[in-house]
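> Kindly generate the corresponding structure for this input.
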Amino acid sequence: MGLGTLLRRSRSKHGATGGWQVSGLPREAGILSAEISDPLGQPLPGVEVTLTESDTSRRVLRATSDPYGRVTATVPEGRYALLGTVEGLSPLHRVVDVPAGAAAPLERLRMETGGQPELPKPGVWVFDPPHSAIRFVARHYGMSNVHGRFTRFDGGIRVAERMEDSYLEITIDASSIDTGNRTRDGHLKSADFLDVERYPYLHFASSKLTHRGGSKWTVQGTLTLHGVSRTVNLDTSYHGSVNGGYGEELRCAAFSTAELHRDDYTLNYGNMIQRGIVAIGRTVKLELDIQAMYRTEEMPTPPE
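Modelled structure (predicted):
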């Protein structure tokens, strides 16, 4: 079979030239291909690429550029917003069209040097729960993921003159766990897992903040869960501070992740573990998406 029978030019439904048609693709799917370089034009590996539908804002892809700075994926036909992020460089934004049954023209994208977000003002910052979230992801029977969140929590950070000397504290109501299933939530609250009657709260207190460059920090501290305390590192991205919200108050934001090991906190699921049945995976990914307000006498009270 000749190359001409495998590839031919097409046009997407948005009117852009569609690149080369490819046989064997799912119906109404196309191929996105991007080549990302650094400010000097060299291939840039490790770029986190997110693809979001322009019409619905639904995320359809999260990938990382390979050692040659390339990302290639098969996605539904359509128009997408592409976001590329990597430490030390400004975020990359592009709109790309992916035609059905074809490989879109190669996107050659160059990232530029970016500045570091200004650190939060020294003082006390209080979490704003309506604009924050504490989520987790755990494997279920080794086949799929269970997504959940805690709906009641509070906390804050005391920012020191030297950011590394700051202190973060979080308290989470264990009974507020929500996975979207009442039966499962009841089981997670039981003595088999969180045992909320005996251990009503999860608590985190920081002991060390380490700047890793750019907007990246590591927040080391102690997490107490199910009556057991263990050292945990929060991999944190600081997003900066702005005036806005309820009354143009000063607020800042950050996103943190951590991996918890269920066995470290004696969450062994009773008799099912003894019978060799593992319903919940041994690791749980924790995500903290936090906005905090600078505490003053005029600081508004977040709505319920």
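> quick one: low-confidence parts of the stretch 51-200 of the chain?
In the predicted model, the stretch 51-200 of the chain carries pLDDT under 70 at residues 114-115, 139-144.
> which residues in it form strands?
59-64, 70-76, 78-85, 92-98, 102-103, 107-110, 123-127, 133-140, 144-150, 153-159, 167-173, 177-178 (DSSP state E, counting those that start in this stretch).
> Would you reformat these as JSON lines and include distance to G227?
(Each C-beta comes from the backbone N, C-alpha and C, glycine too.) Putting the strands of the stretch 51-200 of the chain into JSON lines (distance: least, Cβ to Cβ, whole Å) gives the following:
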{"stretch": "strand 59-64", "distance to G227": "35"}
{"stretch": "strand 70-76", "distance to G227": "44"}
{"stretch": "strand 78-85", "distance to G227": "38"}
{"stretch": "strand 92-98", "distance to G227": "46"}
{"stretch": "strand 102-103", "distance to G227": "55"}
{"stretch": "strand 107-110", "distance to G227": "50"}
{"stretch": "strand 123-127", "distance to G227": "24"}
{"stretch": "strand 133-140", "distance to G227": "19"}
{"stretch": "strand 144-150", "distance to G227": "17"}
{"stretch": "strand 153-159", "distance to G227": "19"}
{"stretch": "strand 167-173", "distance to G227": "14"}
{"stretch": "strand 177-178", "distance to G227": "16"}
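> Mean neighbour count added to those strands, as CSV?
Putting the strands of the stretch 51-200 of the chain into CSV (neighbours: other Cβ atoms under 10 Å) gives the following:
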stretch, mean neighbour count
strand 59-64, 14
strand 70-76, 16
strand 78-85, 19
strand 92-98, 17
strand 102-103, 22
strand 107-110, 16
strand 123-127, 19
strand 133-140, 18
strand 144-150, 15
strand 153-159, 19
strand 167-173, 19
strand 177-178, 19
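> do you know which of these lies nearest P26?
strand 70-76 (7.1 Å; Cβ to Cβ).
> So what are the sheet partners of that closest one and their directions?
According to DSSP bridges, strand 70-76 forms sheet pairs with strand 29-37 (antiparallel).
> so how far is the partner strand from its chain's centroid?
Centroid displacement of strand 29-37 relative to its chain, using Cα atoms, centre = their mean, to the nearest Å, is 22 Å.
> same question, stretch 44-61
Taking Cα atoms, centre = their mean, the mean C-alpha location of stretch 44-61 is offset from the chain mean by 12 Å.
> Any chance you could list what contacts that stretch?
When contacts are defined by Cβ atoms under 8 Å, 6 or more residues apart in numbering, stretch 44-61 is touched by residues 32, 34, 36-38, 62-69, 71, 73, 75-76, 78-86, 92, 95-96, 111.
> okay, how far is it across that stretch, tip to tip?
19 Å (Cα to Cα, to the nearest Å).
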